[in-house]
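Visitor: can't give you the sequence, but here's the structure:
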């Protein structure tokens with residue numbers, strides 16, 4: 001089953017999720033998956049400490065939509081590592097090969113045209129979130145140029161209100177990653 005989640009990227013100096021950009025992700029929205037998806041966006045967004053919510057939302061979508069090009073890139077990297085090792089006699093770090101294989105597996109697992117990750121309308125997350133999300137995340141710029149994450153477990157089936165969600169984590173991305181590993 002898919003673990004659906006909403007990610008809201010909040011403008012600096014605002015605490016209201018209405019002042020953010022919502023992205024829905026259809027799968028792997030549990031906390032350890034969320035860490036992976038948020039970290040992937042870092043390579044596509046402005047370098048911190050610059051944080052613009054709309055830019056980060058777009059980076060999140062770009063980083064987490066897979067295509068045939070991603071599979072091709074992973075295959076090219078594997079081929080390059082292999083030829084450097086076999087034909088050129090270069091020493092290749094085995095971890096590089098492991099990472100390239102993981103990228104290929106990820107690209108093949110998530111290659112879907114469209115869908116999977118999508119921008120949602122602006123406004124209250126309670127008005128725009130699908131009823132079947134299990135987690136909701138708010139991402140903002142924190143102190144010392146770090147990302148600040150609030151993670152909620154949700155139940156929007158009955159009514160879409162704060163009463164049907166529970167704050168399960170609040171802190172830096174690094175702390176969130178450690179917490180997610182402990183609670184996996």
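Guide: Perfect, thanks for sending it. The structure displayed is predicted, hence computed values, not measured ones.

Visitor: Quick check: mean pLDDT of the helix or strand hosting residue 34?
Guide: Residue 34 belongs to helix 31-42 when assigned by DSSP states H and E. Taken as a whole, helix 31-42 carries a mean pLDDT of 92.

Visitor: Contacts for it, please.
Guide: Applying C-beta atoms under 8 Å, 6 or more residues apart in numbering, the external contacts of helix 31-42 come out as 3, 5, 7, 25, 27-28, 48, 56, 59-60, 62-64, 135, 137, 139, 147, 149, 151, 168-169, 173, 176-177, 179-181, 183-184. Placement of C-beta: from N, CA and C, glycine included.

Visitor: Buried residues in that helix, which are they?
Guide: If you call a residue buried by 16 or more other C-beta atoms under 10 Å, then helix 31-42 has these buried ones: 31, 33, 34, 35, 37, 38, 41, 42.

Visitor: which stretches of the protein have low pLDDT?
Guide: Segments of the chain classed as low confidence (criterion: pLDDT under 70) are 1, 14-18, 66-72, 74, 85-87, 106-115, 158-163.

Visitor: Which residue ranges of it form strands?
Guide: 5-10, 20-25, 117-119, 135-141, 147-154, 165-172 (DSSP state E).

Visitor: now those in CSV, with mean neighbour count and distance to residue 75?
Guide: Shown next, in CSV, are the strands of the chain (neighbours: other C-beta atoms under 10 Å; distance: least, C-beta to C-beta, whole Å):
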stretch, mean neighbour count, distance to residue 75
strand 5-10, 26, 30
strand 20-25, 23, 25
strand 117-119, 16, 23
strand 135-141, 23, 32
strand 147-154, 21, 32
strand 165-172, 15, 35
